[in-house]
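*Asks:* fold the following for me, if possible:
(chains A and B)
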Amino acid sequence: MLWIGFVAATILFVAIVGGLLYVLHRYRAERGSEPRQVTGGRGIQLRVGAALGLFAAVLLVLGILYTGDARETPPTGPAGLQAAGPDSEPLKIETTGQQWLWRYDYPNDAFSYYKLVVPVDTAVELDLVSTDVVHTWDVPALSGKRDAVPGKTNHVSFRADEEGTYRGQAATLSGEAYAAMRTEVEVVSPQEYEDFIEATKEDIQTAQDRVVSLIESGETP
Amino acid sequence: MSAPARNPELVVAGFPRTRPRWMQIATSADHKDLGRVLIASALGFLFIALVELLLMRLQLVVPENSFLTPVTFNRMLSLYGATAIFLFAVPLALGFFYYVAPLQIGARGTALPQLGQIGTWLFVAGGAVLYAGFLFTPSEAGVNPLPPLSGFAFLPNNGVDAWAAATGLATLGFVLIAIDLVATLRRLRAPGMAWRRLPIFSWATAIGSWLLLTIGPVMLAAIAMLLIDRNYDGIFFAGDSGGSPLLWQHLSWIFYTGSYMLVLIFALGAIAEIVPALARKPLFNRGAVIGSLIAIAVVGTLAWMQNMLTAPIGLGWMYFAMVMSLALIVPFGLVFFNLIATLAGGAAQMRAPLLFASGAIVAIALGLVSELNHSMVALGWRLQHTVDSTAATHFALLGGAVFGGFAALHWWFPKMTGRAMGETLARFSFWTMLVGALVAFVPLMLAGTEQGQVIDAYKFFDGTGVNGYNLIATIGAFILAAGILMTLANAILSRSSGTAAGHDPWHGDSLEWFALSPPEPHNFDLQPDVRSPRPMRDIRDAIAHRDTPESQPARESQPVA
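*Replies:* Coordinates of the predicted model:
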């Protein structure tokens, strides 16, 4: 559907510039014709205005239809994570923007920085929040952008149909290291996703135990 | 010497100048002196903005370049944004409004000259404050300093305060000038200069001034809130204690969108003066153009949320923004249609103003049709915050303020100085600028739409498919800058050594061509009596038939003002 906007833009641009170049070429003074002292009446203005209005109205309808499409994430398919099945809620992942990293909190207490791991063919909804300044989450191959604004929750959802790695970059100036604030979405099979969650939870637990033991034994890192 | 004049105002012309020129300008409350201050400072700031643009483009010439540090890049970006909008585009438009409109309506001055004087120097002070920021630290918060990044917690140095003070002073100045213009256009029109006879550029002045009276205070309020937040523990934009960062976005975008429309209204108003005169044909339909300019001011500003489609606002608001943006197709389309229809059947002399006017139409059209893509909500989610939006904004504002501004400069330069700008240099400048603008910003459109290269970033990464685009864009920016410098040089050189232009070099229809070039301080010895929308043509006809004054029909009634 992206092309509709570009087609409309091209039509308008070609009409304006083409018309301009034509009249500049055809009616230049060197041709020596006497200028016709005519002006246009209301009728032609109304007709041109109505045509332009119709053009705008068609674009508006297409824009609303396309936006409706883009907002609707397809439900989880047969190859997806069945816990987030077609009849249940999408897989919700809390996504936190902070200078200059993205943090992803999965439903079962696992979390990751920079890299988001999601199961293939599964409806995923990111709840975007920010702990500091405004950030914009953007992975062009998966979905449109949304801002993470402090004090408000924004949402972006998508379903990745193919396994693989998708790259993205934050898209609102957020300070010094803004251009380095990248992210990566790794789309894996549901089994690999479950394994990743388990492994991450174990890693987090190990790290937590280690910190506690260090503090208790007096060897604070 | 002749006998004492009966009308004391006529004597002013002959008085010798007693003060040095600079002091006369610095203390003058004359709209022509102040207009020249506005235009000259704006063109000076255009030069500074160009330097900043080129430095940023040099940093972005190859991936992961280290020509500028990230902090320096962000400072350049912030200075560039403030300079381009607050110190170049808006004051340039206002400068021409302020210089030309009182002449066009046959007034002897403005209604509230001291207000315009304060406004002009407040703007100059704003520019000085912004660049005095170099003495400590410029802002790092970007073109539009969104809170919380622009809050004290994240940028505790004085940069954002300097930005806020500078843009605040300039905006306050714009509002004061707009008040003067509104009052002047309301009160000081020459006898017979009814609104229906007002020249199109004076209509643009009226519309632009009312627009500034609407959006200027909004920005002033936002800037005051930002200063309170930063310095007095305010919570206007603090998301966690009752305020909202989105409040700043709404208020600032109302101003930025409105001033974008202001610049386009200025350019289209000037073009609608230039095209009929150089095609030797009246404007195809004055009413439609005036109505369209009013619609652009109102509907265009109401589309401010077009810039916030990725923010957490309701879908209804996004559709509201889309309706307003798409509705703009009608008034912009009608203006373009009327300009083209004016040229059709005419005898266009391709002089420099018409050349720049045509370039302005091309650039504005390219910018606007790209913006149209951005305003279709789901497309906006993809295209906004990419360098495609940088390119779209630059095309529209290059078309409005640079090509349109240069068209106006070439057009009214003979009136301001008595000398014409060089045509050959103008031609070289125009073609260089047009090529430069296309080479600089079309690759960015492709990088944004194809690869999603993000906006405002101090570097990009190898392997993201945008290396070539950015290299070409940098080359284009240098070509563009060379073209702009040619016109700036042309203006400086022509002030002293241009060919004498006379009082009516273009055979224009409006009354500024009735004044001397440059006009006397009181504009007109004799305030003309206006009987049609083309008073200067009437005066030329009257002069041609001067030998038979009895043949002129007596006016039957007092004209309706």
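
*Asks:* contacts for stretch B:501-510?
*Replies:* The set of residues external to stretch B:501-510 that reach it, using CB atoms under 8 Å, 6 or more residues apart in numbering or on different chains, is B:104, B:199, B:201-202, B:273-274, B:276-278, B:280, B:282, B:351, B:353, B:411, B:414, B:418-420, B:513-517, B:533-537, B:540. Where C-beta positions appear, they are placed from N, C-alpha and C, glycine not excepted.

*Asks:* now, of those residues, which are buried?
*Replies:* B:104, B:199, B:201-202, B:273-274, B:276-278, B:280, B:282, B:351, B:353, B:411, B:414, B:418-420, B:513-515, B:517, B:533-537, B:540 (16 or more other CB atoms under 10 Å in any protein chain shown).

*Asks:* hang on, the earlier thing: which of the contacts of stretch B:501-510 are close to chain A?
*Replies:* By CB under 8 Å from any CB of the partner chain, the members of these lying near chain A are B:R280, B:P282.

*Asks:* contact partners for the residue lying closest to B:L112 once chain neighbours are set aside?
*Replies:* Using CB to CB, 6 or more residues apart in numbering or on different chains and skipping residues adjacent in sequence, the residue nearest B:L112 is B:D180, 4.5 Å away. Each residue near B:D180 by CB under 8 Å, 6+ apart is listed here: B:H31, B:Y98, B:T110, B:A111, B:L112, B:P113, B:L115, B:G116, B:G119.

*Asks:* of the residues you listed, which belong to helices?
*Replies:* Using DSSP state H, the members of the contacts of B:D180 that fall in helices are B:H31, B:Y98, B:P113, B:L115, B:G116, B:G119.

*Asks:* can you pull the phi/psi pair for B:G463?
*Replies:* Reported as degrees, to the nearest 10, the phi and psi values for B:G463 are phi 80, psi 0.

*Asks:* longest helix anywhere in the chain?
*Replies:* Chain wasn't specified; assuming chain A. helix A:42-71.

*Asks:* nope, chain B
*Replies:* Taking DSSP H as the assignment, the helix of chain B that covers the most residues is helix B:245-279.

*Asks:* which strands or helices does that helix pack on?
*Replies:* Packing partners of helix B:245-279 (3 or more CB pairs under 8 Å, 6 or more residues apart in numbering or on different chains; DSSP states H and E): helix B:90-104, helix B:200-231, helix B:286-302, helix B:329-343, helix B:352-375, helix B:387-397, helix B:404-417.

*Asks:* poorly predicted segments of chain A, please.
*Replies:* Across chain A, the ranges flagged by pLDDT under 70 are A:1, A:84-87, A:221.

*Asks:* show me the strands in it, by range?
*Replies:* A:91-98, A:101-105, A:111-113, A:115-119, A:123-130, A:135-137, A:146-148, A:154-159, A:164-169, A:182-188 (DSSP state E).

*Asks:* which helices and strands does the second one pack with?
*Replies:* Using 3+ CB pairs under 8 Å, 6+ apart as the contact test, the elements touching strand A:101-105 are strand A:91-98, strand A:111-113, strand A:115-119.

*Asks:* check the last one too.
*Replies:* Strand A:182-188 sits against strand A:115-119, strand A:164-169, with contacts defined as 3+ CB pairs under 8 Å, 6+ apart.

*Asks:* any chance of those strands in TSV, plus distance to B:A360 and mean neighbour count?
*Replies:* Output for the helices and strands packed on strand A:182-188, formatted as TSV (distance: least, CB to CB, whole Å; neighbours: other CB atoms under 10 Å in any protein chain shown):
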stretch	distance to B:A360	mean neighbour count
strand A:115-119	46	22
strand A:164-169	34	17
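
*Asks:* grab the nearest non-local neighbour of whatever residue of chain A ends up closest to chain B.
*Replies:* Using CB to the nearest CB, A:G151 is the residue of chain A that sits closest to chain B, at 2.3 Å. Excluding the flanking residues, the one nearest A:G151 by CB to CB, 6+ apart is B:G239, at 2.3 Å.
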